[in-house]
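>>> Turn this into a structure:
(2 chains, ligands or ions: 2)
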Amino acid sequence: MPTFEAYEGQVPAWCPGCGNFQILSSLKQALVELDIEPWEVLLVSGIGQSGKLPHYMKCHTFNGLHGRTLPVATAAKLANDALHVIAVAGDGDCYGEGGNHFIHAIRRNPNVTLLVHDNQIYGLTKGQASPTSDQGTRSKVQPFGSLSEPMNPLALAISLDCSFVARGFAGDPRYLKELMKAAISHKGFALLDILQPCVTFNKVNTFKWYRDRVYKLEEGYDPSDRLKAFERALEWGERIPNGIFFKNNRKTLEELVPVIREKPLVRQKFSPEETKRELEKFY
Amino acid sequence: MDYTLRVGGEAGQGLQTIGGALAKVFSRNGFHVFTHQDYMSRIRGGHNFYQVRFSDRRVTASRDVLDILVALDLNTIETHRKSLGEEGIILYDSESIKKTFEEPEFIDVPFKKIALDVGKNRVMVNTVATGAVLGILGMGLEALEGILKTAFKKKGDEIIEKNIACARAGYDYALSSCPRCEAFRLEETGNRKLMLINGLQAIGLGALMSGCKYYSAYPMTPSTGIMNFLASKAGEHGIIVEQAEDEVAAINMAIGASFAGARAMTGTSGGGFALMVEGLSLAGMTETPIVIAEIQRPGPATGLPTRTEQADLLFVLYAGHGEFPRVIFDPGTPKQAFHLTNKAFELAEKYQVPIFIQSDQYLGDSQWTFEGFDPGRLIYNDYRLREADLEGSGEYKRHALSGTGVSLLAVPGEAGKHLVVTDSDEHDEKGHIIEDSETRIEMVRKRLLEKMPLIRKEMEAPYLYGDASPKIVLVGHGSTYGVIREVVDIFSKEQKISMLHFSEIYPLPESDRFDYLDLLENADLAICIENNASGQFAKLFRAETGFEFTHLITRYDGRPFTIESLKEDLHAYI
Ligand SMILES: Cc1ncc(C[n+]2csc(CCOP(=O)(O)OP(=O)(O)O)c2C)c(N)n1
Ligand code: SF4
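Ligands and ions are numbered 1, 2, ... in the order given. Next comes the predicted model:
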């Protein structure tokens, strides 16, 4: 049984009061409660404030490039599907720079958990608009306000029949932890978009702003109904639902790759002898 | 004997089927074969050809002068007639192309009529044509029958029988209606079969036999053949071949799989590699072993998608921001491609660096014959550490300063409770982000400055062919090997001439085992021959050694050098 302390890493370099702290502690707690040991977890992250999270924990870590989290995570999972692979990304990281990978990871459906720290702003580069920023968001780069419509990651994921689609809020770490546990336990690609206040650069979407709006999907909500899920995913503004919007039982990528049905790729011994017969085929 | 046969026609007419089958028939009969393909970037129509040179002695390049032209359309006759040698013949079907030629070099074989009469199916035209070529040569049909049996195994006995009957009908027709063909009759060379393989298959085979377990790529001509090859072996040999959404994903996937413990490779051509550059740098920083096949075609941008060039050398050499070690191999033959791919995996794992197999469409699509590849020469060392390897050792640090330039590489999840941590940011020994200058200096020293000299010692000396103390040295790298070698044979009757061929081009090998600089300095003429406009290898060579070539021969029309074209270029100097 792992302890919370076993997951303790370096001292975070985030701004005091940042929503990332609750995401970090919820994740550690979720892993402890799921009885997963640090050496059974691979955290893959990109660049941004979220990208640093693995350093503030203890587990296998690949902190790669901005936006490229999902290709690395997908391939690592294929290479060793005995690992719990968790991808951590920011909204800019995952929906901006990595937008194409996001779409295709959903299509492939590896058994990977994706946690998106969605603060509707670029934090690490000091406050530019992100793909989820509200239209009109002003910054040094957007003097006339952001001109684009914000993207709706949940609706997009549901439209692509993503295996698991949920939203949590950093200001409710207990519920967030439960959502993380569900996402990690889900078999298939799981998106958990996490509302994360950036106390330094996002002066609109504050803890209070979210608290006034966030509510949980009602009991009895049926996450297998895709059309309903889509409808609820469009809800944004005065009321913002949290919870598991959508779930399905699609086969995972690992289940579909015949080569790893018996055992993980990394446990398959390579025998040079066995490949020699290939030479004969060229005569 | 030394024959050149060209099959020309539109894309989709089955040139590859005919050319490929003939190449195989010749190699199975013990003849040396060299094929090359010239095709347009379209699936149907246009004009393509498949050239097969075959001989009873070793052949390593294409000639321009044709002995046999198989014309599947009129355009082929109009385009290639002037390349026909004095004794040459043109096989065609007057009914199909709606034109008859009376000149003695033309042999009219009713390909279509025979296919319909004997095979009851138009698609057998290709089999008739293949049989007709063998009739002209007076070679047996045995090898072709074997090939047809394998090719149509899934379609059943009836189809096999009909194809064999078509081949025989084409054979008999050509044999009996071509008195001029007497001159072409071949003596069989015995029962010795030769191995026939192209450059891309050789790279794929090298990867397979080196334990490559993960290959991700986004399709791009001319590199796709490697992915096709490995995908065809995936089930049997337990390889995951992933078609990525783009090249950015392809290289990041290869890195992810390698980090997780599987030998991984990616492949592309110049434009795709442009997208991979960011990932290359990531492999450099995280010290993740990967092999990258960069199969060149002419650029810039989309360039000439199906043609050949050697113009990405400096791009690959300098690609990636920051400073990190890399290795570039540029094989000259499929056999070298096979062994260098193996060496690429060995060195990538040993030194935890990205390694390139750079080649081009010309070598990639050309088939060569060999006595065989020696699997005994393959190297396979597993450098990855697992639980048992780490037993009793202290805390595992992925980027430990070991003093040897290389940190131990553990497999996450398979190394007991040891954690494997790495980062694209500068990091400490444990793999965690740092910003202090002391750690930065130590990491750069380990990653780059300590590693590179060790890697350099692994590079093999260039290959010297011809005179041991030459007056004229023809220097080439990569796919120009074969043509330079044959040209040296031609000139060596009158000159003290030799070829110096580099296939391990970065870092350049040390000169302690073979002082190639001394050889070059003592020659009167040192000519660098390259399939690009600016002489990129000559530039690299000068930057690394200070040696300046006296002359440069370049070709940049998207086509490979042929024996005749290179000979002519050389006449300006010799
Ligand atoms: C290829 C590349 N482009 C740009 C950057 C600079 N950059 C670093 S973080 C970042 C934005 C991060 O935004 P987000 O993902 O929303 O994360 P946050 O910092 O807000 O948590 C950018 C643009 C980079 N590191 N790499
Ligand atoms: S800039 Fe924003 S997101 Fe980044 S650490 Fe500070 S508060 Fe958090």
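>>> Show me what residue of the stretch 51-200 of chain B gets nearest to ligand 1.
Going by Cβ to the nearest ligand atom, ligand 1 is nearest to B:Leu200 of the stretch 51-200 of chain B, at 31.6 Å. Every residue, glycine included, has its C-beta placed from N, CA and C.
>>> and that residue, helix, strand or coil?
helix (DSSP: H, G, I helix; E, B strand; the rest coil).
>>> Checking the nearest residue to it once chain neighbours are set aside next. Helix, strand or coil?
What sits nearest to B:Leu200 in space, not counting adjacent residues and going by Cβ to Cβ, 6 or more residues apart in numbering or on different chains, is B:Gly225, at 3.3 Å. Reduced to three states with three-state DSSP, the structure at B:Gly225 is helix.
>>> mind listing what B:Gly225 touches?
B:198, B:200-201, B:204, B:364-365 (Cβ atoms under 8 Å, 6 or more residues apart in numbering or on different chains).
>>> Now render the residues you listed as a markdown table, adding neighbour count and pLDDT.
Compiled in a markdown table, the contacts of B:Gly225 are given as follows (neighbours: other Cβ atoms under 10 Å in any protein chain shown; pLDDT from 0 to 100):
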| residue | neighbour count | pLDDT |
| --- | --- | --- |
| B:Asn198 | 24 | 98 |
| B:Leu200 | 27 | 98 |
| B:Gln201 | 22 | 98 |
| B:Gly204 | 30 | 98 |
| B:Gly364 | 29 | 98 |
| B:Asp365 | 24 | 96 |
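>>> Closest to chain A out of these?
Ranked by distance to chain A (Cβ to the nearest Cβ), those are led by B:Gln201 at 7.4 Å.
>>> With adjacent residues omitted, what lies nearest to the closest one?
B:Phe229 (5.4 Å).
>>> what are the ranges of the strands in the stretch 101-250 of chain A?
A:112-118, A:164-169, A:190-195, A:214-216, A:240-247 (DSSP state E, counting those that start in this stretch).
>>> which residues of the stretch 401-550 of chain B fall in strands?
Under DSSP E, counting those that start in this stretch, the stretch 401-550 of chain B gives strands at B:409-410, B:421-423, B:463-466, B:472-477, B:497-502, B:504-506, B:525-530.
>>> Quick check, pLDDT for whichever residue of the stretch 101-250 of chain A sits closest to ligand 1.
For the stretch 101-250 of chain A, the residue closest to ligand 1 is A:Gly123, as judged by Cβ to the nearest ligand atom, at 3.1 Å. Looking at A:Gly123, its pLDDT reads 95.
>>> sorry, back to before: want to try JSON lines for the strands of the stretch 401-550 of chain B, with mean neighbour count, mean pLDDT and distance to ligand 2 as columns?
Output for the strands of the stretch 401-550 of chain B, formatted as JSON lines (neighbours: other Cβ atoms under 10 Å in any protein chain shown; pLDDT from 0 to 100; distance: least, Cβ to the nearest ligand atom, whole Å):
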{"stretch": "strand B:409-410", "mean neighbour count": "22", "mean pLDDT": "98", "distance to ligand 2": "31"}
{"stretch": "strand B:421-423", "mean neighbour count": "25", "mean pLDDT": "98", "distance to ligand 2": "18"}
{"stretch": "strand B:463-466", "mean neighbour count": "18", "mean pLDDT": "98", "distance to ligand 2": "57"}
{"stretch": "strand B:472-477", "mean neighbour count": "28", "mean pLDDT": "98", "distance to ligand 2": "49"}
{"stretch": "strand B:497-502", "mean neighbour count": "25", "mean pLDDT": "98", "distance to ligand 2": "50"}
{"stretch": "strand B:504-506", "mean neighbour count": "22", "mean pLDDT": "98", "distance to ligand 2": "41"}
{"stretch": "strand B:525-530", "mean neighbour count": "24", "mean pLDDT": "98", "distance to ligand 2": "51"}
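>>> Dump these to CSV, plus distance to ligand 1.
Converted to CSV, the strands of the stretch 401-550 of chain B look like this (distance: least, Cβ to the nearest ligand atom, whole Å):
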stretch, distance to ligand 1
strand B:409-410, 26
strand B:421-423, 13
strand B:463-466, 41
strand B:472-477, 33
strand B:497-502, 35
strand B:504-506, 26
strand B:525-530, 34
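>>> export those to TSV and tack on distance to B:Gly267?
As requested, those are arranged in TSV below (distance: least, Cβ to Cβ, whole Å):
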stretch	distance to B:Gly267
strand B:409-410	23
strand B:421-423	24
strand B:463-466	25
strand B:472-477	19
strand B:497-502	22
strand B:504-506	18
strand B:525-530	23
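>>> Select, out of the ones you listed, the one closest to A:Lys208.
Set against A:Lys208 and scored by Cβ to Cβ, the strands of the stretch 401-550 of chain B come closest in strand B:421-423, at 35.1 Å.
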